[in-house]
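A.B. asks: 3D model of this:
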Amino acid sequence: MSVDPTRLLVLGAARQEQPATGYAIMRELISWRVQDWASVNPGSIYGALRALVKDGFLVEDFDSVSKPGKAHRNSTKYRLTDEGESAFTDLLRSALWEVSPYRTASFMAALCFLVNLTRDEVTAAIEERIARLESHLRQFEFDEKQVLLDSDTKPPHSVEFVKLAAGRLQGELTFAHTLLERLRAGSYTFVGESK
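C.D. replies: Residues are numbered from 1 along each chain as shown. Next up, the predicted model:
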């Protein structure tokens, strides 16, 4: 089952900024351009915040804010619960280890937070990702042949969909190899490492 990138992104940003207002979380995520690659917009961020509170992963803290000459207003700040910490780690791990030939947003969301795991785990996940991507690419070779064999019942140009998916996976495979090289060379500071 595919990880919901919105949940992962909102939990991760709330964790990173906590305690943070919904506006601060939204501003942080929008600065990552999540609306372009994860289809996450301001409305879905606030919807996710409400759902994560309802699920017990976030709690709301209310601060009374007043400025000279202005009326009092309440500002809601969010922070992760213990269950939210566990859910964040579970979602991050799933998104990092899971390979979906047609959906990239979960993995891209995981890249935003990969330093929240150990270097060993991230390295192992990327090694496994490479193996799974190679397996999917081999399968696509046969899918392409099958589409051509079925050309009397399927439009022959539908093979282009398979070629596009294979090209996207090939690009991700190239990226995964170079990421693995960077991780092995010591790029970034992971959990348990000193800066």
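
A.B. asks: all strands of the chain, in order?
C.D. replies: Applying DSSP state E to the chain gives strands spanning 20-21, 58-65, 73-80.

A.B. asks: gap between Glu134 and Asp90?
C.D. replies: According to Cβ to Cβ, to the nearest Å, Glu134 and Asp90 sit 26 Å apart. Yep, even glycine has a C-beta here, placed from its N, CA and C like the rest.

A.B. asks: and if you look at Glu83?
C.D. replies: 10 Å.

A.B. asks: backbone phi and psi for Val99, please?
C.D. replies: Val99 adopts backbone torsions of phi -120, psi 120, taken as degrees, to the nearest 10.

A.B. asks: just the one 5 residues further on next, same as before
C.D. replies: Here the main-chain torsion angles of Thr104 (degrees, to the nearest 10) amount to phi -110, psi -10.

A.B. asks: pLDDT score for it?
C.D. replies: Thr104 carries a pLDDT value of 87.

A.B. asks: wait, isn't it in contact with Phe175?
C.D. replies: No: taking contacts as Cβ atoms under 8 Å, Thr104 lies outside contact range of Phe175: 10.4 Å.

A.B. asks: Look up the closest residue to Leu133, ignoring the ones flanking it.
C.D. replies: Take Leu133 and drop its neighbours on the chain: the residue closest to it by Cβ to Cβ, 6 or more residues apart in numbering is Leu173, 4.5 Å away.

A.B. asks: Show the contacting residues for the one you found.
C.D. replies: Counting by Cβ atoms under 8 Å, 6 or more residues apart in numbering, Leu173 touches 130, 133-134, 137.

A.B. asks: roughly how far apart are it and Ser94?
C.D. replies: In terms of Cβ to Cβ, Leu173 sits 20 Å off from Ser94.

A.B. asks: How about Asp143?
C.D. replies: Applying Cβ to Cβ, the value for Asp143 to Ser94 is 26 Å.

A.B. asks: Thr21 against Phe62, yeah?
C.D. replies: No: Thr21 is beyond contact range of Phe62, at 10.8 Å (criterion: Cβ under 8 Å).

A.B. asks: With neighbour numbers in mind, choose between those two.
C.D. replies: When neighbours are counted by other Cβ atoms under 10 Å, Thr21 and Phe62 differ, and Thr21 comes out ahead with 17 against 9.

A.B. asks: All set now, cheers.
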